[in-house]
Structure formats: structure tokens, C-alpha cells
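Asker: Mind looking at a prediction? Sequence and model below.
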Amino acid sequence: MSTSAGNWTTETIPIGGVAMQLTRAGEGPPLLVLHHDVGTLPRLPFYDALARRFTVLVPSHPGYDGSQRPDWMRNVRDLAAVHQWLLGELAITRAPQTVSVVGLGFGGWVAAEMATQAPRAFKKLVLVGAMGLKPERGVIADQALVSYIDYVRLGFSDQSAFDRLFGAEPETSRLEHWDLNREMSFRIAWKPYMYNSSLPHLLGGIAIPALVVWGRDDRIVPLECGERFAKGLPRARLEIVEGAGHFVEMEKPDELARLVTAFVSQGDA
Amino acid sequence: MHLMYFTEQPMSAYPEAEGREFGATALMFSNRHFDPAAGSRLYNEYLEHYRLAETVGFDGIMLNEHHNAPFCMQAKCNVFASILAATTRRVKIVLLGNPLPLADNPVRLAEELAMIDMVSRGRLVSGFVRGGGQEQLATGVNPAFNRERFEEAHELIVRAWTQPGPFRWEGTHYQHRVVNPWAVPLQKPHPRVWIPGVLSKETIIWAAKKRYPYIALSTAIEATKKIWELYDSVAAETGYAGGPEYRGYLQRCHVAETEEKALENARQFMWMQGEFTGLAHPVWSTPSGYFSPSIRTQFVEYAVGRRSNPRGAAFEDQIASQMIVAGTPKTVIPKLRRLLEETRPSIVGFWAADGFVSSADTRTCIRLLGEEVLPALREIGKELGLWSPFEANAPVSMAFHESAAPASERPVARHPAPLEVA
């Protein structure tokens, strides 16, 4: 059943000593979407597309996108625990195996950590260009060495998509925003950069169905990481999206929304 | 007054065209361009200059360190401090300073510094810095915790120097089961700590709260006055009066036999500022979390090339603002008088040469400074009442506010310097 996707609301929920920011819209089964290390625009066509079928929950990672920074937070597992706490606070996600999660890039790493901590808590898991595993051949592109603009551009296969979303020359306020997000990423993922060497050993416990999606032209997280996620997760398959880079949801929103919707809804009455 | 000699120890012997081609001479400019034969020559020239500085009458030798860049060859100031401890006899060895956040074991630093203090017979001044932005990347240290690590490492080092061990340290960034270094400083309560800086208000406030002298690194006179306004107001709130003994200044100052020669050589001060080749990289020099949140806007614009370096200015402007002073002894003395009159520091470092200035010209500069400029400044210092922390016997810090006991008044055996370099 599809509903109007126009009614996005934002609320704050006290978690771990900070006011956690949650944006939501839509009706239907709950679907948690975890954003990238560069944060997220408040609204995206991808979110709207999902909101036609799901109750879409888009929390800000604390410390990102202007939300309050938890000074105590030191690693991505802390962040995963905070999101688990949030799900426990919401009536719609409290029961086990009701909520599915879509993790985008860095958010994919968070989602994977959440799933290792509570292997049966989710209904389904979708990882899109997820960080978290150490590549065997390449490296995860290090934003510490490139400018805010160059880093985000690196995540697009088609630069006109970047221009459309952020403008060819993004405003200074956007750069400050990216800088704040980058600072928070450094606080929790500086070293080793964007992976957890114990994660590959824990993927085997994630017993729920998983979909791994990768942009063919992902220049931030090498495709080999997608292959390793698909191999390490017991019930996973890999889908590759042609013509997309790291930010699949911004470059191919409809295609990704179709993949996610079909996968998450599969088996429902 | 306390008058110091300083050089960045430029590694000028590398192919300049390669630097231009690469677009930056920092962090990732390949060290395959480093020529160790030239490096060996330059290190030894710099040692010779330091010893000459002592001979001609400087009170101190100021050392610093940087990483992964040709503008400064000194990768560990404690190495040169150790050498100078053994090969000089009189000058203070002023480290400005050890970059604390880069240390994963501050207790080791405390030990090294204590050794330097003992070998030098109590001539160490142990300044501390945060390290430049790119240093955080060069050493893999998280820039977002730079200031927290600075403050915690400082506290641990002072405790290791002053509190008998063993004790345990359970900090936020440092944890040590046992702190009990079997090397403690000769100077009591501990070597003086001076804090250099250029931009961050947070550092000025921190130094003033600790009652540590602050050394302004080549700021323009008006900016320097603002630093002292801030320092003095924090000092007053903290319960003491600021003044010359808490004020230091690093002056780029090249002296030669003629005006023309001096100006020509002084242009080399732009060497590391990008005009010749010392090209900073806007992203690497400003990692997120490193700089003060109050100037985030300026730095994000700098990082994407929309604004020139907030710290940079043209050569002519720097001559006009006296950030660079150049001339014969006769012409530089009035300029330095103006600096002393307007900003009233008691500690002055002379950054005497940079870049490709020849060793011979550097020696001439050091000699002219020592023979003609320093004596004149000492007279001006007396006239203006610019007493250094040593002359004023100022307390070492707020925490140890009883007057310091100079090492010379302590019972130390008198021997020749233990290791003379021929």
C-alpha cells in the first residue's frame, strides 16, 4: 500500500547523554536508514521512494549533521550501540525482527556492527558500499588527505549528479557541515581508518537475510569489500549497480529503492 | 632580556622544480628528493651556527621540530637539544617545543627532557606545542583530540618531573601502570615551560592560566599587542600581573654588512611560505578537528582554495609590519626598539636566516647580531625594564608559584662540557 511520502517530521530522543535526532516519514514496516560519513541531505528522492512502502527512520549519527556530539564516543561499535538503544526506545521497532536496516557506506559499517551485536534483532540487512572491512588489495579512500569537495565528488560516478545535489561550487556552510562530520568521523574511525579488523570474524553470526549492493564505480570502498561481505554473511547476495559510484542512493535512487523494497518485502504476505 | 638564536633548519638542497611540479612541499612530497649527503652537511653547518651563537653572546638557542617537509630538517628537537647539552656551556637550550599530542608515551618525553636538563647542568627550557596540522597526519595522530592530548600529556610530564614515583596514571588518552622514571630534572621544581604559538586563542589562555610565558611566533605588532591584552586579562583573573617576563617574541631578523644584501637574504624568509617553493597544502595543514572551532569558516574556505592562508602575508607587507626585519645593525636596532617599546617582551628569539641563505652569510648575520645588535638591545631592555623570567626570578608556574631556584645556585660539580665536538 503506498502512502503520501511528503510528511517528514523530525524529533529528538535522549540517548547516551545527547539529544539524538530522528527524521521519519511514511507508513508500513519500519526501515532504518543509516547515513554516510559525510552525513545526509535532509531529504532525498531515495528516502521518498522508500517512504511509499515503509516507515522510514533516518537518524543522524550523533555528532553528525549538526546533531549533538557525544564527547565520550570513541569507535563505531559505540555508534552501533547508540542506534540499538534508539530502536529500543521506539514503539515501532521495539519487538525483535520487525525492523530492517539499510546502511549506506559508513552507515553500512554501523549496520553490520549492530547486526553482529544482535544477530537476530533485524528482519533484514542491506549494506550499500559498506565500510568496515579492510580491503585485501586496495584501500578505503582516505578523506583526511583530500578536500571536502574532492572527497564527495570521488563518491560519484557521474559528476553532474554531484552538481545537481550540492551545486558545482558548494556553499561555505555546506563545507563547514562536511568539516564537522569529518571531525566526528575522525573521532571514532581515525585508526585503523574505516575498518574493524575483528568484523570479518563476526559476520558469520548474522543469521538474517542480507543484501549487499555496490556501485560498479565505487572509488571510496573497493568492490572487493562487497564481495567479502557477501561471502562472510551466511545469507547474503551481492547486487552490483551499473553507472553508480559510492553514493548509490544519490546517483541511482529509483534503482536502489526498487532493490531494497523487493528484498525487504520478499516473503511478506 | 633573554635573547635567543633560532633557525628552522631548512633542508634547502632538494630539486625545487619537483616541488613546484608536485604542487606542495609537505607531507606527501616524496622523500626520494631528500639528499642525505646534503642533509649531513646542513646538520653540521647548523651545529656550527649554534656554537657560534653561544660564542658571540646569545643567551639561548631555540629549537623546534617538524615532520615530512623540507622547511625544517629537525625531526626531533630532543636530538639537537642532547647534542647542544653536551657541546655548549652557557646558553639555555630552549625547546619550542616538543609536540605533545604526537607522543604516545609522554613519560618517555619526561625522561628525555630530564636527561637533557642534567647533561646540560640545568640549562633546559622545555616548551610544548600542539604540532602543526600536517604533523598529525605525518605521525598518524588523531587531530580531533589534539588539544586534549596536549593538555593531558603536559599534566603527566609535570607530574612525572615533580611527584616522586611510582604512581599510576589513568587518563583519557594516556594510561600508565607505573610512572617512575629514573631520570628527573636537575632544575627545581622543574625546567621552565614556555609556550609558543601563532594563532589559537585557546593556547594563549591556557598558557596564561598556567603562568607560562607565551612566545608569539612572528605575529604582526598589532596582533602581538592583542595577544598581550588577552594574556594579561587572563593573568589578572588568575591572580597575577602579566608583563615582560611572560612575553616572548620570535622575530625574523636578518642582518648583513649592507642593506641590499640583508634585504636580498631576507626574501628567503618567504621560502617556506610558498613564494619560492615551501608550498603548504591547504587540506593537509588543516585536518578537521585540529583548528579552533571559532575559525572553522576561514579554514574550510582555505582548504578548498577560496581564501589565502589566514596565516600568510606578502613579503613587502611583512617588511612593513616588521614581521620581517632586515638591514645593517644600525638600521635594524631602531626597528627592534619599536618592537620592544610597543609590545614589551623580555624574551626575543632571532630567526636569523632561512632557505638558501649561505652558511657564510648566516655566520656573518649571527656575528653582527651578537657583536652589535644584542648589546644595544640589552641597554634598551634595561631602559624599558624588560626583565626576563630568569632576571626577574619569576615563578615557574601557577602550580609552583614559589620562586624558582636557578640551577647555578644548586650544588652541582663544575666540569668542562662532557663531550666537545672538535
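Answerer: Sure, I can see it.
Asker: just the strands in the stretch 101-250 of chain B please.
Answerer: B:124-129, B:167-170, B:175-179, B:195-197, B:214-217, B:247-255 (DSSP state E, counting those that start in this stretch).
Asker: which SS state does residue A:170 fall under?
Answerer: What DSSP: H, G, I helix; E, B strand; the rest coil gives for residue A:170 is coil.
Asker: Which residue, neighbours along the chain excluded, lies closest to it?
Answerer: Nearest residue to residue A:170, sequence neighbours excluded (C-beta to C-beta, 6 or more residues apart in numbering or on different chains): residue A:149, at 6.3 Å. Using the backbone N, CA and C atoms, a C-beta is placed for each residue, glycine as well.
Asker: What's the local residue count around the one you found?
Answerer: By other C-beta atoms under 10 Å in any protein chain shown, 19 other residues sit near residue A:149.
Asker: hang on, residue A:263 in a strand?
Answerer: No. Read with three-state DSSP, residue A:263 is helix and lies in no strand.
Asker: from memory it sits against residue A:127, does it?
Answerer: No. Residue A:263 is not in contact with residue A:127 according to C-beta atoms under 8 Å; the separation is 11.4 Å.
Asker: Got phi/psi on residue A:25?
Answerer: Backbone torsions of residue A:25, given as degrees, to the nearest 10, read phi -160, psi 170.
Asker: OK, contacts around it?
Answerer: Applying C-beta atoms under 8 Å, 6 or more residues apart in numbering or on different chains, we find residue A:25 in contact with A:5-9, A:47-48, A:51, A:55-56.
Asker: The same query, at a cut-off of 7 Å, please.
Answerer: Shown in contact with residue A:25 (C-beta atoms under 7 Å, 6 or more residues apart in numbering or on different chains): A:5, A:7-8, A:51, A:56.
Asker: does it have beta-bridge partners, and which?
Answerer: residue A:56 (DSSP bridges).
Asker: Could you point out which of the strands of the stretch 101-250 of chain B sits nearest chain A?
Answerer: strand B:175-179 (13.5 Å; C-beta to the nearest C-beta).
Asker: Mind pulling up the pLDDT for residue 118?
Answerer: Picked chain A for this. pLDDT recorded at residue A:118 is 91.
Asker: That was the other one, I meant chain B.
Answerer: Predicted confidence (pLDDT) for residue B:118: 98.
Asker: For it, which residues are in contact?
Answerer: residue B:186.
Asker: what residue ranges in chain B score low on pLDDT?
Answerer: B:274-278, B:308-312, B:403-422 (pLDDT under 70).
Asker: Let's check: the centremost residue of it is which one?
Answerer: Residue closest to the average C-alpha location in chain B (C-alpha atoms, centre = their mean): residue B:96, at 3.2 Å.
Asker: does that residue really touch residue B:60, like I thought?
Answerer: No. Using C-beta atoms under 7 Å, residue B:96 is not in contact with residue B:60; the gap is 10.0 Å.
Asker: Residues of chain B that sit close to chain A?
Answerer: Chain B comes close to chain A at residues B:137, B:140, B:142-144, B:283-284, B:287-289, B:296-297, B:300-301, B:303-304, as judged by C-beta under 7 Å from any C-beta of the partner chain.
Asker: who's in contact with the residue nearest to the centre of chain B?
Answerer: Counting by C-beta under 7 Å, 6+ apart, residue B:96 touches B:62, B:64, B:127, B:129, B:194, B:196, B:215.
Asker: Then the first one would be within a strand, right?
Answerer: Yes. Under three-state DSSP, residue B:62 sits within a strand.
Asker: so which strand or helix has residue A:135?
Answerer: Using DSSP states H and E, residue A:135 maps to neither a helix nor a strand.
Asker: which residue sits closest to it in space, ignoring its chain neighbours?
Answerer: Nearest non-adjacent residue to residue A:135 (C-beta to C-beta, 6+ apart): residue A:222, at 4.8 Å.
Asker: Nearest spatial neighbour of residue B:258, chain-adjacent residues omitted?
Answerer: Residue B:258's closest residue in space is residue B:328 (C-beta to C-beta, 6+ apart), at 6.7 Å.
Asker: tell me the contacts of the one you found?
Answerer: B:255-259, B:262.
Asker: What subset of those is buried?
Answerer: B:255-256, B:262 (16 or more other C-beta atoms under 10 Å in any protein chain shown).
Asker: The closest residue to residue A:92 other than its chain neighbours bridge partners, please.
Answerer: The shortest distance from residue A:92 to any non-neighbouring residue, by C-beta to C-beta, 6+ apart, is to residue A:30 (4.8 Å). Here residue A:30 shows beta-bridge partners residue A:55, assigned using DSSP bridges.
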